[in-house]
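Q: sequence and predicted structure are below.
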Amino acid sequence: MDQTFPRSRRLLAARDFNQVFNQAVTKAGCPEILLLAAKTEAIPAARIGFIISRKSAKHAVDRNRIKRLFREALRLDPHLPAMDIVVLARKGAGQWVDKQNLETVTQLLNRLAKRFNAVNSGNNQQR
């Protein structure tokens with residue numbers, strides 16, 4: 001099993017983040033973390049980007065742990081639909097990450113994927 005998280009699975013450019021914010025079809029999360037998803041044409045797998053400020057997680061260790069948990073959950077779940085995901089950390093995310101594990105993050109991603117699939121299947125039936 002490949003242990004890397006390739007550059008092609010990351011949102012890096014500002015235009016990619018803007019596209020997710022402007023075309024978000026679904027969201028999921030908890031009070032400390034918000035996940036937004038947008039359908040993007042011609043991507044083979046889910047991509048992820050992070051917006052985690054020092055205000056939301058004071059220590060760099062916490063900000064990096066949030067990123068690490070979400071990247072690992074995305075890497076281990078090959079069945080997620082092809083979508084762009086933005087992880088937006090809110091105030092209190094530093095304390096949230098101390099109590100969470102990979103299973104919790106995977107559940108958040110799966111909830112987002114389920115909502116994403118429901119929205120997209122509804123759009124396909126209307127056409």
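A: Perfect, thanks for sending it.

Q: for the protein, just list every one of the helices.
A: Ranges of helices in the chain, per DSSP state H, are 14-23, 60-76, 93-99, 102-126.

Q: can I get those helices in CSV including mean pLDDT?
A: Shown next, in CSV, are those (pLDDT from 0 to 100):
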stretch, mean pLDDT
helix 14-23, 93
helix 60-76, 92
helix 93-99, 86
helix 102-126, 84
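
Q: of all those, which one is nearest Leu35?
A: For the helices of the chain, the distance to Leu35 is smallest for helix 102-126, at 4.8 Å, taking Cβ to Cβ. No exception for glycine: its C-beta is placed from N, CA and C like everyone else's.

Q: could you check that closest one and say which residues are buried?
A: The neighbour-count check on helix 102-126 (16 or more other Cβ atoms under 10 Å) flags Val105, Thr106, Leu108, Leu109, Leu112, Ala113, Arg115, Phe116, Asn120 as buried.

Q: that one versus helix 60-76: what angle between them?
A: Helix 102-126 and helix 60-76 meet at an angle of 50 degrees, taking axes from the mean of the first three to the mean of the last three Cα atoms, to 10 degrees as the criterion.

Q: tell me which residues in stretch 67-76 are buried?
A: Lys67, Leu69, Phe70, Arg71, Ala73, Leu74, Arg75.

Q: what does stretch 72-91 give?
A: Buried residues in stretch 72-91, counted by 16+ other Cβ under 10 Å: Ala73, Leu74, Arg75, Leu80, Met83, Asp84, Ile85, Val86, Val87, Leu88, Ala89, Arg90.
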